[in-house]
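Engineer: what would the 3D arrangement of this be:
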Amino acid sequence: MSGRPRTTSFAESCKPVPQPSAFGSMKVSQTLNGPWRGGDKDGSKVTTVVATPGQGPDRPQEVSYTDTKVIGNGSFGVVYQAKLCDSGELVAIKKVLQDKRFKNRELQIMRKLDHCNIVRLRYFFYSSGDKPDRRANRPSSVVNSMVTVGELSQWLRCKPCSQLTRARVAQAGGSQEPIRPSGNQPGKWLCRGRKRSLTFLRESANKRVDIPQPVPRSRGHSVRSGSKDEVYLNLVLDYVPETVYRVARHYSRAKQTLPMVYVKLYMYQLFRSLAYIHSFGICHRDIKPQNLLLDPETAVLKLCDFGSAKQLVRGEPNVSYICSRYYRAPELIFGATDYTSSIDVWSAGCVLAELLLGQPIFPGDSGVDQLVEIIKRQNAAFRSPQVLGTPTREQIREMNPNYTEFKFPQIKAHPWTKVFRPRTPPEAIALCSRLLEYTPTARLTPLEACAHSFFDELRDPNIKLPNGREKPSLFNFTTQGTLRTHLSCFCLFYSC
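Structural biologist: Got it, this is the predicted structure:
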């Protein structure tokens with residue numbers, strides 16, 4: 001449940017709502033010795049809270065757990081592992097600062113979801129905290145997501161350099177200061193092996209510079225501590241021991257390729273989860289390997305971290321600076337605010353390519369660099385150019401109708417077969433090419449991806465996992481996950 005610093009879900013025209021009466025009167029987090037703060041030195045102490053079930057009617061009940069320890073933290077808050085006293089099951093408790101003026105979007109979304117490939121919300125409750133750590137509460141910096149012709153042109157014309165050194169722009173006392181590499185003149189950075197001054201970039205195109213801007217951190221406060229009048233939301237979730245990111249990194253460090261059957265299993269279950277949430281109009285907006293929880297024994301995958309998720313409404317604007325950079329769809333880089341759930345499909349395509357390559361396919365360092373990676377990235381391992389090339393005028397219009405700059409340097413597209421290893425299954429390459437399309441409407445839907453021939457092996461009833469176990473349930477589609485008629489011949493399914 002880790003992730004980069006993100007804008008809060010309330011930055012998108014989310015109006016204040018009256019605080020529910022239960023919120024103020026609820027008995028919050030009473031432990032044996034007072035309010036629960038998590039991370040006690042004595043992790044074996046039993047903690048009892050009054051919590052509400054994640055699904056079903058709002059009937060608060062006492063829940064006791066013990067063996068609490070921190071297992072993750074980030075801009076979103078802190079995640080603890082704990083053991084339920086009544087069942088002995090392990091759970092993860094995600095603790096985030098709750099703004100009393102707003103409803104928590106992540107909670108509202110997770111209470112709607114009930115799927116075998118989505119981490120389950122068991123309970124939720126509220127608690128208070130101690131004095132906040134001011135150093136941890138400083139605003140984070142994010143880069144401007146819009147890309148201009150001048151910036152892109154300069155980056156594309158720069159020669160590739162194996163030892164890239166860039167001056168980074170950081171937040172210092174609330175002001176923007178360029179940090180330069182030692183030995184270089186102030187106000188300049190190195191870009192693709194060539195010095196580019198900040199002044200030069202400011203004068204390019206429509207004067208937009210890709211430098212950090214402060215972002216409100218109502219979702220990003222550190223929750224190691226907080227003042228006693230602050231309220232924290234605690235989400236009690238299924239505990240899943242691993243992530244696709246760590247498993248893939250294990251194989252990469254061992255210079256091995258992830259077995260193809262696992263690639264198929266992980267991606268198929270990811271598409272199932274996306275098909276389910278998209279059927280509710282919910283877009284996850286942060287698909288990446290770190291947010292794909294995994295049981296390595298059973299190969300069951302569960303999508304987690306709905307802190308960036310939103311139910312998209314046609315005609316309602318959304319923030320374009322969303323989704324972790326390596327997995328960000330090009331329409332977001334072009335500043336689109338009326339995007340669709342197809343941005344999740346692009347992210348899933350990046351995950352598939354990463355599992356096949358053993359490394360991220362588009363590892364950009366900024367908004368500009370990310371688009372350069374998509375258009376013109378030299379693959380160091382295989383020394384072959386990436387495939388998408390320069391988007392056409394029509395493709396840019398499809399990504400963002402309001403983007404009026406079109407004079408990009410023309411980079412020719414190349415075959416997808418030059419990107420992947422020689423023994424990569426052609427079906428995997430074909431699927432990847434259908435997911436990583438500039439035009440959002442040209443990308444496969446998650447259900448269409450489930451029906452792709454790349455997953456035919458999973459439809460064999462006799463297939464087993466490499467460890468000898470039975471494969472997880474893959475075809476128990478609910479009414480929300482039912483395939484269209486013309487796809488049903490490819491996927492077996494039955495009602496849950």
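
Engineer: and the average pLDDT for stretch 113-130 is what?
Structural biologist: Mean pLDDT, computed over stretch 113-130, is 92.

Engineer: what of stretch 452-463?
Structural biologist: Per-residue pLDDT over stretch 452-463 has a mean of 94.

Engineer: what are the buried residues along it?
Structural biologist: Going by neighbour count (16 or more other CB atoms under 10 Å), the buried part of stretch 452-463 is H452, F454, F455, E457, L458. From N, CA and C alone the C-beta is placed, and that goes for glycine too.

Engineer: residues contacting stretch 84-99, please?
Structural biologist: Stretch 84-99 has contacts (CB atoms under 8 Å, 6 or more residues apart in numbering) with 1, 10, 38, 46, 63-66, 68, 71, 76-83, 104, 106, 122, 126-127, 218-219, 221, 223, 226, 230-240, 307.

Engineer: check stretch 271-285 too.
Structural biologist: 109, 112-113, 115, 117-118, 287, 291, 301-303, 306, 308-313, 322-323, 340-341, 343-345, 348, 445-447, 449-450, 474, 477-478, 480-481.

Engineer: end to end on it, go ahead and measure it.
Structural biologist: Its first and final residues considered, stretch 271-285 spans 14 Å by CA to CA, to the nearest Å.

Engineer: quick one: average pLDDT of that stretch?
Structural biologist: 97.

Engineer: give me the buried positions along it.
Structural biologist: In stretch 271-285, counting by 16+ other CB under 10 Å, buried: 271-279, 282-285.

Engineer: swap in stretch 246-258?
Structural biologist: Result for stretch 246-258 [16+ other CB under 10 Å]: buried residues V247, A248, S252, T257, L258.

Engineer: between those residues, which is nearest W416?
Structural biologist: Closest to W416 out of the buried residues of stretch 246-258 is T257 (17.7 Å), distances taken as CB to CB.

Engineer: gap between E373 and P360?
Structural biologist: E373 sits 9 Å away from P360, going by CB to CB, to the nearest Å.

Engineer: more crowded one of those two?
Structural biologist: Shown here are E373 and P360; by other CB atoms under 10 Å, E373 has more neighbours (21 against 17).

Engineer: quick one, domains of the protein?
Structural biologist: Domains of the chain are assigned by automatic domain parsing as 9-135+227-238, 148-209, 242-487.

Engineer: rank the ones you listed by mean pLDDT and give me the bottom one.
Structural biologist: Note on the domains of the chain: lowest mean pLDDT is at domain 148-209, with a mean of 38.

Engineer: does R421 touch A353 like I think?
Structural biologist: No - if you go by CB atoms under 8 Å, R421 and A353 don't touch, sitting 11.6 Å apart.

Engineer: neighbour-wise, which of the two wins?
Structural biologist: Per other CB under 10 Å, whichever of R421 and A353 has more neighbours is A353, with 23 against 11.

Engineer: quick check: that one touching C432?
Structural biologist: Yes - assessed by CB under 8 Å, A353 is found in contact with C432 at 5.4 Å.

Engineer: hey, what's in contact with both of these two?
Structural biologist: Jointly contacting A353 and C432 under the rule CB under 8 Å, 6+ apart are F420.

Engineer: can you say which of the contacts of stretch 271-285 are buried?
Structural biologist: 109, 113, 115, 117-118, 287, 291, 301-303, 306, 308-310, 312, 322-323, 340-341, 343-345, 348, 445-447, 449-450, 474, 477, 481.

Engineer: helices along the stretch 201-350 of the chain, start to end?
Structural biologist: 244-253, 260-279, 330-333, 342-357 (DSSP state H, counting those that start in this stretch).

Engineer: adding distance to T439, write these out as a markdown table.
Structural biologist: Listed next are these as a markdown table, based on distance: least, CB to CB, whole Å:
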| stretch | distance to T439 |
| --- | --- |
| helix 244-253 | 27 |
| helix 260-279 | 18 |
| helix 330-333 | 9 |
| helix 342-357 | 9 |
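
Engineer: and the ones you listed: which comes nearest M399?
Structural biologist: Taking the helices of the stretch 201-350 of the chain one by one with CB to CB, helix 330-333 is closest: 3.7 Å.

Engineer: quick revisit: give me the subset of the buried ones among the contacts of stretch 271-285 lying in strands.
Structural biologist: Of the buried ones among the contacts of stretch 271-285, the ones assigned to strands by DSSP state E are L301, K302, L303, K310.

Engineer: contacts only, for the second one.
Structural biologist: The neighbourhood of K302, defined by CB under 8 Å, 6+ apart, consists of C116, N117, I118, V119, D238, V240, S273, L292, L293, L294.

Engineer: list the beta-bridge partners for it.
Structural biologist: L293 (DSSP bridges).

Engineer: same question, the last one
Structural biologist: Here K310 sits in beta bridges with C283, as judged by DSSP bridges.

Engineer: from memory it sits against R105, does it?
Structural biologist: Yes - look at K310 against R105 with CB under 8 Å: they come within range, at 6.6 Å.

Engineer: include distance to K94 when you put the contacts of K302 into JSON lines, please.
Structural biologist: Output for the contacts of K302, formatted as JSON lines (distance: CB to CB, whole Å):
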{"residue": "C116", "distance to K94": "20"}
{"residue": "N117", "distance to K94": "19"}
{"residue": "I118", "distance to K94": "14"}
{"residue": "V119", "distance to K94": "10"}
{"residue": "D238", "distance to K94": "11"}
{"residue": "V240", "distance to K94": "13"}
{"residue": "S273", "distance to K94": "18"}
{"residue": "L292", "distance to K94": "16"}
{"residue": "L293", "distance to K94": "12"}
{"residue": "L294", "distance to K94": "18"}
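
Engineer: just those now: which is nearest M399?
Structural biologist: Using CB to CB, the contacts of K302 come closest to M399 at S273, 24.8 Å.

Engineer: determine the longest strand present in the chain.
Structural biologist: The chain, longest strand under DSSP E: strand 61-74.

Engineer: what packs against that strand?
Structural biologist: For strand 61-74, the packing partners by 3 or more CB pairs under 8 Å, 6 or more residues apart in numbering; DSSP states H and E come out as strand 47-53, strand 77-84, strand 90-98.

Engineer: buried ones in the longest one?
Structural biologist: In this case it means strand 90-98. V91, A92, I93, K94, K95, V96, L97, Q98.

Engineer: angle of it against strand 77-84?
Structural biologist: Between strand 90-98 and strand 77-84, the angle comes out at 140 degrees (axes from the mean of the first three to the mean of the last three CA atoms, to 10 degrees).

Engineer: ok, now which ones touch S64?
Structural biologist: With CB under 8 Å, 6+ apart, S64 has these contacts: V46, T47, T48, V49, L84, C85, D86.

Engineer: what's the local residue count around the last one?
Structural biologist: Read it as D86. D86 has 9 nearby residues by other CB under 10 Å.

Engineer: what about it, distance to P425?
Structural biologist: 46 Å.

Engineer: with the second one instead?
Structural biologist: Between T47 and P425 the distance is 49 Å, computed by CB to CB.

Engineer: so between these two, which is more surrounded?
Structural biologist: Under the criterion of other CB under 10 Å, the comparison of T47 against P425 puts T47 first, with 24 against 16.

Engineer: pretty sure that one is touching D67, no?
Structural biologist: No - between T47 and D67 there is no contact, the gap being 10.0 Å when judged by CB under 8 Å.
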